[in-house]
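**Q** Quick one, what's the 3D model for this:
(one chain, ligands or ions: 1)
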Amino acid sequence: MRIAVLAETDKSEPRVAATPETVKKFIGLGADVVVEARAGAAAGFADSDYAAAGATIADNAAAALTGADVALRVRRPSAAELPGARSNLAVIAIMDPFGAGAQLADLAKSGAIAFAMELMPRITRAQTMDVLSSQANLAGYRAVIDAMAEYGRSFPMMMTAAGTVPAARVFIMGVGVAGLQAIATARRMGAIVTATDVRPATKEQVESLGAKFLAVENEEFQQAQTAGGYAKEMSPEYQKAQAELVASHIAKQDIVITTALIPGRPAPKLISAEMVRSMRPGSVIVDLAAERGGNCELTQPGETVVVDGVKILGALNLAGRMASTASSLYAKNLLAFVETLVSKDTKQLAINWEDELVKATALTRDGAVVDERFK
Ligand code: NAD
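**A** From the prediction side, this is the model:
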């Protein structure tokens with residue numbers, strides 16, 4: 001079995017899909033590994049590190065793909081970015097499949113079997129393969145670091161000879177993986193933290209991290225979690241009650257970090273322009289939902305906008321801002337998945353199409369898009 005580690009073609013993506021550590025593990029599985037030159041450079045992994053781990057370095061994607069059975073990437077490659085790939089090449093990446101039907105059809109035509117890591121079921125067996133969690137955790141951490149860097153005051157309370165500095169007030173909206181890490185990070189930095197979510201299970205999680213929970217806890221709230229553990233889209237009545245509760249709270253906050261998402265839907269709008277204007281100048285909002293339209297009405301994806309002295313960071317790819325750590329975790333997620341695709345006896349790729357992990361993540365097979373949602 002030959003595994004190709006391809007360089008990312010999107011220049012704004014510094015992460016890489018394998019590290020010298022995972023290359024060694026792949027070789028231990030009986031694979032040959034070929035790494036495209038400079039694939040890990042932006043994440044701090046040199047070609048010589050991969051070579052020392054046992055990989056061959058190829059000058060370009062075509063050379064890396066020669067004879068490859070598996071191609072690893074961070075982001076979905078186009079069919080044109082897989083030159084000379086053999087039919088049935090397993091391409092494993094974050095495929096971003098929503099709205100990408102034409103690109104997936106091209107990948108299918110190229111003969112690739114495309115696996116979308118972000119569709120991995122969130123079950124115990126697949127925890128080691130959960131790229132959404134590994135990357136969201138880092139994004140939540142980084143959101144607090146970025147907020148601190150933009151905030152012109154201190155996070156912890158300081159009692160000095162020259163006077164007492166109050167602790168920053170941090171409000172986290174959306175307490176999934178990113179939100180929990182944001183709470184923990186802000187608490188470690190000495191901030192006074194409150195958090196909100198629509199799923200009742202989050203209340204205990206927030207309190208166990210030493211933060212205060214704030215939510216409209218009515219009957220709809222009690223039913224807001226789907227069987228899969230995600231949030232439902234809330235009714236207009238609930239949203240109105242939530243907005244009223246949040247409005248008075250937000251006006252007293254220094255930092256707001258928003259992470260609220262609903263699967264397959266645009267991000268819920270939780271912060272209105274009026275709420276932003278109620279905050280005092282110097283406050284900072286970091287909107288982790290920017291990629292999906294933003295939780296704040298005034299967010300511009302990829303930009304920092306300043307409204308009446310309040311900075312709104314439209315954060316994109318925050319995990320990529322910690323490219324080395326993000327790559328290490330992502331690479332381990334891929335390793336864990338590839339291990340399930342390899343026969344222990346023959347050490348060759350042996351995809352079990354009945355495996356629930358394969359069923360959930362495979363987008364293309366035998367020249368066609370097989371996931372009905374993305375046809
Ligand atoms: P996500 O990124 O889909 O959403 C972030 C948070 O936003 C969620 O907590 C959601 O409830 C919240 N939200 C949505 N609408 C909101 C609104 N109007 N107001 C306030 N908050 C709102 O979430 P995620 O981080 O992917 O986690 C989703 C679920 O998956 C959680 O239950 C988590 O515990 C679970 N999970 C399970 C595993 C596992 O078992 N392997 C791993 C990771 C996460």
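**Q** Hmm, T9 is touching R76, no?
**A** No - the criterion here is C-beta atoms under 8 Å, and T9 misses it with R76 at 10.2 Å. Using the backbone N, CA and C atoms, a C-beta is placed for each residue, glycine as well.
**Q** phi, psi of whichever residue of the stretch 101-250 of the chain sits closest to the ligand?
**A** Proximity of the stretch 101-250 of the chain to the ligand (C-beta to the nearest ligand atom) peaks at G176, 2.2 Å away. Per-residue torsions, G176: phi -90, psi -150 (degrees, to the nearest 10).
**Q** Looks like it contacts I262 (just checking).
**A** No - taking contacts as C-beta under 8 Å, G176 lies outside contact range of I262: 10.8 Å.
**Q** More neighbours: which of the two?
**A** G176 (23 against 18; other C-beta atoms under 10 Å).
**Q** for the more buried one, what are its contacts?
**A** Going by C-beta atoms under 8 Å, 6 or more residues apart in numbering, G176 touches A136, D197, T259, L261.
**Q** go with 7 Å
**A** G176 sits next to A136, T259 when contact means C-beta atoms under 7 Å, 6 or more residues apart in numbering.
**Q** Tell me, what's the model's pLDDT at it?
**A** At G176, the model reports a pLDDT of 97.
**Q** The one 10 residues further on too?
**A** The predicted structure scores A186 at 98 on the pLDDT scale.
**Q** can you give me the end-to-end distance of stretch 159-176?
**A** 34 Å (C-alpha to C-alpha, to the nearest Å).
**Q** Identify each buried residue in it, please.
**A** In terms of neighbour count (16 or more other C-beta atoms under 10 Å), stretch 159-176 has its buried residues at A167, A168, R169, V170, F171, I172, M173, G174, V175, G176.
**Q** tally of neighbours for the closest residue to the first one other than its chain neighbours?
**A** Right, the one you point to is A167. Nearest non-adjacent residue to A167, counting by C-beta to C-beta, 6 or more residues apart in numbering: M157, 4.0 Å away. Burial measure for M157: 13 neighbouring residues, criterion other C-beta under 10 Å.
**Q** looking at it, M157 is touching A168, isn't it?
**A** No - with contact defined as C-beta atoms under 7 Å, M157 does not reach A168; the gap is 8.9 Å.
**Q** List, one by one, the residues from the chain near the ligand.
**A** 122, 127, 130, 132-133, 136, 173-179, 196-199, 202, 229-231, 234, 259-262, 268, 270 (C-beta under 6 Å from any ligand atom).
**Q** Sort out for me which of those residues are in helices.
**A** L132, S133, A136, V177, A178, G179, T202 (DSSP state H).
**Q** Could you export the residues you listed as a markdown table, including distance to A46?
**A** Listed next are those as a markdown table, based on distance: C-beta to C-beta, whole Å:
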| residue | distance to A46 |
| --- | --- |
| L132 | 29 |
| S133 | 28 |
| A136 | 28 |
| V177 | 31 |
| A178 | 30 |
| G179 | 35 |
| T202 | 42 |
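**Q** ok, and the most crowded of these?
**A** Busiest of these [other C-beta under 10 Å] is A178, holding 30 neighbours.
**Q** That one and I257: what is the separation?
**A** Applying C-beta to C-beta, to the nearest Å, one obtains 8 Å for the distance of A178 from I257.
**Q** What of A102?
**A** For A102 relative to I257 (C-beta to C-beta), the value is 35 Å.
**Q** Ok, E354 next?
**A** 41 Å.
**Q** So if I had to pick from the two, which one is more boxed in?
**A** Neighbour totals were compared for E354 and I257, and I257 leads with 32 against 7 (other C-beta under 10 Å).
**Q** State whether the more buried one and I172 are indeed in contact, as I suppose.
**A** Yes - contact criterion C-beta under 7 Å: I257 and I172 qualify, at 5.1 Å.
**Q** on that earlier part again, which one of the ones in helices among the residues of the chain next to the ligand is nearest P14?
**A** A136 (17.4 Å; C-beta to C-beta).
**Q** State the pLDDT value of that closest one.
**A** Per the predicted model, pLDDT is 97 at A136.
**Q** Could you pull up the residues touching it?
**A** G176, V177, A178.
**Q** got a list of what F26 touches?
**A** I3, V33, L335.
**Q** re the thing from before, quick one: which of T9 and R76 has more around it?
**A** Taking neighbours as other C-beta under 10 Å, T9 and R76 compare with R76 leading, 20 against 13.
**Q** How about the contacts made by that one?
**A** Contacts of R76 by C-beta under 7 Å, 6+ apart are A93, M95, D96, Q103.
**Q** Try it again at 8 Å.
**A** R76 neighbours (C-beta under 8 Å, 6+ apart): V91, A93, I94, M95, D96, P97, A100, Q103, L107, A114.
**Q** same thing with A161?
**A** A161 touches nothing, counting by C-beta under 8 Å, 6+ apart.
**Q** the helices in the stretch 101-250 of the chain, which residues?
**A** For the stretch 101-250 of the chain, applying DSSP state H, counting those that start in this stretch gives helices covering 101-109, 131-150, 177-188, 201-208, 219-222, 236-250.
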